[in-house]
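Peer 1: give the three-dimensional model of this entry:
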Amino acid sequence: MKNTVITTLILLSCFLATGQKLSKNKKAIIASVENHKNELIRISDSIWALAETAFNEKGSSKILADYAEKNGLKVTRGVADIPTAFIATYGSGKPVISILGEFDALPGISQKTTPVKEPYKEGAAGHGCGHNMFGTSSLGAAIAIKELMDAGEIKGTVKFLGTPAEEKYFAKVWMVKAGLWDDVDVNISWHPSAVIEADVQSGLSLIDFIVEFYGQTAHASADPWNGKSASDALELYTTGINYYREHILPSSRIHYHIQDGGQVVNVVPDYAKLWVRVRDPKRKIMLPTYERVKEMAEGAAIMADVDYKISLVSGIYETLVNRSGGEIMQANLELLGPITYTEEETAFGKAIQKATGKPEVGMDSKIYPLKETEETPGGGSTDVGDVSWNVPNINLGVTVAPKDTPWHSWAVVACGGMSIGHKGMVYAAKAMGMTMLDLFENPKMVTKVKEEFKTRKGDEVYEPMIDGPAPINGN
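Peer 2: Residues are numbered from 1 along each chain as shown. Below you'll find the model as predicted:
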């Protein structure tokens with residue numbers, strides 16, 4: 001009885017917010033998410049507490065896959081030769097609508113659900129990008145669609161893809177190569193955010209590679225002339241990168257992380273290693289920069305008289321925008337209306353803003369209009385981009401943290417384990433479920449989305465930027 005009353009109030013608020021009428025099946029989507037809400041929150045909080053990093057998400061993957069199986073979806077685990085990747089499907093025939101679910105955490109940002117910096121577990125990982133909510137919400141939407149199929153209201157196939165390692169290795173690239181989207185008509189995705197919007201902005205393409213230098217050890221004081229310093233090469237290389245930054249386009253980025261610069265001060269090091277990343281909003285601009293940065297590694301090796309090796313980790317495409325899909329999502333956001341927050345949640349949000357040096361304005365709950373241009377991509381990158389170059393992708397952002405909150409930080413971890421994050425997660429499940437429903441019910445919508453995809457992709461031939469199997473052991 002209690003759930004029925006809550007669902008009725010939610011449906012009424014949706015109607016009052018927009019003046020539009022919810023269809024019977026959209027009411028059913030909302031009701032399904034509400035019925036599963038407590039379990040979805042429990043799952044999200046469990047993944048939040050586990051906070052497992054790239055390719056280590058054994059517990060998180062199992063929780064999601066088990067819940068999909070419990071609700072009648074057919075689960076295949078370990079797809080694309082990745083132990084923590086899985087697919088959960090239901091139904092048969094066309095259309096095939098897929099939905100993405102991420103669940104990996106970021107190292108070193110463990111945090112309690114408090115608005116001041118306070119590790120949940122010292123030195124551990126934390127969900128500073130909200131992936132504990134990402135996979136859980138998407139699964140909730142998939143289950144809602146499955147229940148409508150069971151009721152005989154819609155036909156087709158729903159396909160949930162559990163996608164690990166988005167923060168580091170970009171597992172979706174290997175999953176794309178394995179053909180897991182080959183039968184899909186349209187893909188749905190979302191990402192935790194500080195605003196609610198149908199996301200029609202692209203991201204940055206990037207490529208990751210490892211540079212290793214090999215020299216000769218010697219006593220750093222007694223006979224340094226007998227040594228060939230790998231760390232000298234590393235320093236020369238990073239100096240070259242830093243000077244090169246001035247001469248690349250303002251849109252491009254180069255990052256590096258030194259992983260090994262030598263072990264002790266009194267030995268000329270014979271080994272050095274760093275991780276390098278190159279980005280740009282356009283892959284065709286990023287690739288020449290990548291080639292130049294690789295050449296600089298050879299130059300550094302020559303100057304230090306050492307050998308070197310370059311190993312590709314992976315690379316990802318910028319996201320291919322689909323405005324037709326964005327319009328469908330936008331209409332559903334307007335049907336749902338804004339998220340409402342309690343006084344306690346607003347105070348929590350303001351405390352987070354105070355602790356991170358931001359204006360104390362609280363939560364941003366409004367529905368943003370569809371952006372008119374895609375000329376200003378976000379500063380981040382995602383392997384959703386590779387999916388979007390193989391199948392039309394509809395993307396969504398939903399508020400799970402206060403306005404201007406630093407992302408990939410303890411502040412997002414804090415919100416993701418409490419009611420602010422829970423509300424965003426539940427809202428996203430409803431919005432995505434309703435959008436998927438539109439696609440199942442309206443073949444013309446699917447056709448329009450697919451036609452735009454073909455036009456935007458043009459004659460571009462997708463080439464996955466990987467070499468060999470996924471580095472599931474971190475190698």
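
Peer 1: in stretch 370-389, which residues are buried?
Peer 2: For stretch 370-389, a neighbour-count test (16 or more other C-beta atoms under 10 Å) marks 371, 377-378, 381-389 as buried. In this view, the C-beta of every residue, glycine as well, is placed from N, C-alpha and C.

Peer 1: helices along the stretch 1-150 of the chain, start to end?
Peer 2: 2-18, 24-50, 58-70, 131-150 (DSSP state H, counting those that start in this stretch).

Peer 1: what are the buried residues along whichever strand or helix holds Glu235?
Peer 2: When elements are assigned from DSSP states H and E, Glu235 belongs to helix 230-244. For helix 230-244, a neighbour-count test (16+ other C-beta under 10 Å) marks 230-238, 240-241 as buried.

Peer 1: only alpha carbons, please: show it as PDB.
Peer 2: Provided in PDB are the C-alpha atoms of helix 230-244 (Å, rounded to 0.1, in the frame of the first residue of the first chain):
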ATOM      1  CA  ALA A 230      67.400   5.600 -17.700                       C
ATOM      2  CA  SER A 231      66.100   8.400 -15.400                       C
ATOM      3  CA  ASP A 232      68.100  11.000 -17.400                       C
ATOM      4  CA  ALA A 233      66.200   9.900 -20.500                       C
ATOM      5  CA  LEU A 234      62.900  10.100 -18.500                       C
ATOM      6  CA  GLU A 235      63.700  13.700 -17.400                       C
ATOM      7  CA  LEU A 236      64.800  14.700 -20.900                       C
ATOM      8  CA  TYR A 237      61.600  13.200 -22.300                       C
ATOM      9  CA  THR A 238      59.300  15.000 -19.800                       C
ATOM     10  CA  THR A 239      61.100  18.200 -20.400                       C
ATOM     11  CA  GLY A 240      60.500  17.800 -24.100                       C
ATOM     12  CA  ILE A 241      56.800  17.200 -23.500                       C
ATOM     13  CA  ASN A 242      56.500  20.300 -21.300                       C
ATOM     14  CA  TYR A 243      58.100  22.500 -23.900                       C
ATOM     15  CA  TYR A 244      56.000  21.000 -26.600                       C
END
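
Peer 1: quick check, Ala431 in contact with Leu333.
Peer 2: Yes. Look at Ala431 against Leu333 with C-beta atoms under 8 Å: they come within range, at 5.8 Å.

Peer 1: need the overlap of contacts for the two.
Peer 2: When C-beta atoms under 8 Å, 6 or more residues apart in numbering defines a contact, the residues bordering Ala431 and Leu333 alike are Leu396.

Peer 1: helices and strands around the helix holding Glu235, which ones?
Peer 2: The elements that helix 230-244 packs onto, with contact taken as 3 or more C-beta pairs under 8 Å, 6 or more residues apart in numbering; DSSP states H and E, are strand 205-214, strand 253-260, strand 271-280, helix 283-304.

Peer 1: distance to Asn187, mean pLDDT and mean neighbour count for these - can I get that in a markdown table?
Peer 2: Listed next are the helices and strands packed on helix 230-244 as a markdown table, based on distance: least, C-beta to C-beta, whole Å; pLDDT from 0 to 100; neighbours: other C-beta atoms under 10 Å:
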| stretch | distance to Asn187 | mean pLDDT | mean neighbour count |
| --- | --- | --- | --- |
| strand 205-214 | 18 | 97 | 22 |
| strand 253-260 | 26 | 96 | 14 |
| strand 271-280 | 23 | 97 | 22 |
| helix 283-304 | 19 | 97 | 18 |
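
Peer 1: right, and those - which one's nearest Ile328?
Peer 2: strand 205-214 (25.9 Å; C-beta to C-beta).

Peer 1: look up how far Ala80 lies from Lys37.
Peer 2: 31 Å (C-beta to C-beta, to the nearest Å).

Peer 1: and Tyr169, by the same measure?
Peer 2: As judged by C-beta to C-beta, Tyr169 and Ala80 stand 12 Å apart.

Peer 1: joint contacts of those two?
Peer 2: Ala470.

Peer 1: nearest to Arg277, of the buried residues of stretch 370-389?
Peer 2: Ser381 (8.8 Å).

Peer 1: now do the phi/psi pair for the closest one.
Peer 2: Main-chain torsions, Ser381, degrees, to the nearest 10: phi -130, psi 150.

Peer 1: please say which of Lys37 and Ala80 ends up with more neighbours.
Peer 2: Ala80 (22 against 18; other C-beta atoms under 10 Å).

Peer 1: what residues does the residue nearest to the more buried one when sequence neighbours are not counted make contact with?
Peer 2: Leaving aside its chain neighbours, Ala80 sits nearest to Ala178 (3.9 Å; criterion: C-beta to C-beta, 6 or more residues apart in numbering). Contact analysis of Ala178 by C-beta under 8 Å, 6+ apart lists 79-81.

Peer 1: noted, bye for now.
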